[in-house]
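Student: Kindly generate the corresponding structure for this input.
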Amino acid sequence: MKNNAVKIAIIGIISLLLISGINPISSKNISFNIDYSEITEFSNENDTTPPIVKLVKPDKELYINNKAIRGLSTPTIIGGIDVIAEVSDNESGIKMVNFYIDGQLRDTVYDPPYKWTWNEKKFLGHNVKIEAYDNNNNRAEDSDSVFIFNFFPQTKFVTIKGQVIGGLFNTSIPGVKVTVQSDSFKRVTFTKRIPLINRGCFVLRLPPGDYLLTLEKNRFVTQQNDIRVFMDDNEYLIFELEKA
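Tutor: Okay, here's the model as predicted:
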């Protein structure tokens, strides 16, 4: 009787987790939506402890076009991939994260999420390394050897969606000119006009990379934002314009 009660309690807990969208069997399927604007900046001049650093992607999996397919003893990549670092420092905070391929610095990221898109002509064995510094310049790193087969890198376009709001009641603003550009790419669109359907919304298809996004409309202050697009991006961007 006691064992049956325990079984019923366990089944109930698992059912509750599944209903909540949490998979109690595979933690790799759990995703977190973090509001990075709420992260506190730390300040500790006596901090001598290195940050905690982990290379979470690529892991010991087979990846095809950035998607994990199955577990393997060695990370194996077909196509491009988002290299993702998990870092933390509870004393002085994270200053920056460097990304290396075969000892060569490829990118430096100063704000979360700490990731970089690796999509170039490469094959066979290579070393992927991440290196983190806290605000007291304490350093830590993590690395792994991978196999990659990316003979013909293709530009993968990512769909980016967003909305522009503003005015007295922060309502959606139609007709805003949205321009994104980098050194080699430029795209222009306008926010839509249909109420209750797409008013104030925009959709852009961009290759992964760093862009300057500009918002322009008469009687509003022009706004510019630096954005970074990744292969697995699904973030919904919301911008607020001020009246001129």
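Student: domains of the protein?
Tutor: Here the domain parsing of the chain from automatic domain parsing is 36-150, 158-241.
Student: Adding mean pLDDT, write the ones you listed out as JSON lines.
Tutor: Below are the domains of the chain laid out as JSON lines (pLDDT from 0 to 100):
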{"stretch": "domain 36-150", "mean pLDDT": "91"}
{"stretch": "domain 158-241", "mean pLDDT": "95"}
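Student: Save those as a markdown table, and put in mean neighbour count too.
Tutor: Where C-beta positions appear, they are placed from N, C-alpha and C, glycine not excepted. Below are those laid out as a markdown table (neighbours: other Cβ atoms under 10 Å):
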| stretch | mean neighbour count |
| --- | --- |
| domain 36-150 | 16 |
| domain 158-241 | 15 |
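Student: quick one, helices of this structure?
Tutor: 2-19 (DSSP state H).
Student: now the residue nearest the centre of it, nearest residue through space, not along the chain?
Tutor: The centroid of the chain falls nearest to residue 113 when counting by Cα atoms, centre = their mean (4.9 Å). The spatially closest residue to residue 113, leaving aside those adjacent along the chain, is residue 84, at 7.3 Å (Cβ to Cβ, 6 or more residues apart in numbering).
Student: For residue 230, see how far away the residue nearest to the centre of the chain is.
Tutor: Distance from residue 113 to residue 230, counting by Cβ to Cβ, to the nearest Å: 8 Å.
Student: can you tell me which residues contact the closest residue to residue 138 other than its chain neighbours?
Tutor: Spatial nearest neighbour of residue 138, excluding adjacent residues (Cβ to Cβ, 6+ apart): residue 50 at 4.5 Å. By Cβ atoms under 8 Å, 6 or more residues apart in numbering, the residues touching residue 50 are 134, 138-140.
Student: Can you pull the phi and psi angles for residue 50?
Tutor: phi -60, psi 150 (degrees, to the nearest 10).
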